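A.B. asks: just need the structure, nothing else, for what follows:
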Amino acid sequence: MLGRVLAWLGIGDDGGDASDADLDWTDPDAAYGGDGPPRRYTCSECSTTIEGVGPDEQVTCPECGTAFKGTLVPDCAICPDCGSRIDDFAFYPATRRDTESASCSCGYRWESDPRTR
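C.D. replies: Okay, the predicted model is just below:
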């Protein structure tokens, strides 16, 4: 750990050791933070497809006007890179509202920023 601090300060070599890799949370191929990928819902009142972005505290159906306050769970996420359906996504278990992670078969990957929790 001391070697890592000294390397950060620019003192000594910056080779580090294998255990330093465990301290790195970032993945250069993943997008972090923000609202995450768009989510797609199906209105339980009129079966209209609804797309939303951001925390799912309230989703309003554009057809029938029904407002779902934290009760409507997304059917899927939508990849912002290729536009396809993402089924591999997870929510924070305590709320089941805010997206925690999502990954698409095209290689797109998103995770909530672990520094903001």
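
A.B. asks: what's opposite Tyr41 in the beta bridge?
C.D. replies: Beta bridges link Tyr41 to Ile50, judged by DSSP bridges.

A.B. asks: run a quick neighbour tally on it.
C.D. replies: 19 (other Cβ atoms under 10 Å). In this view, the C-beta of every residue, glycine as well, is placed from N, C-alpha and C.

A.B. asks: my read: it touches Pro62, true?
C.D. replies: No. If you go by Cβ atoms under 8 Å, Tyr41 and Pro62 don't touch, sitting 11.1 Å apart.

A.B. asks: what residues are shared contacts of the two?
C.D. replies: Ile50 (Cβ atoms under 8 Å, 6 or more residues apart in numbering).

A.B. asks: element containing Gly83, please.
C.D. replies: Counting by DSSP states H and E, no helix or strand carries Gly83.

A.B. asks: can I see the domain layout of this protein?
C.D. replies: 1-26, 33-116 (automatic domain parsing).

A.B. asks: residue contacts, Thr60?
C.D. replies: 50, 66-68.

A.B. asks: equivalent analysis for Arg85, please.
C.D. replies: 40, 76-79.
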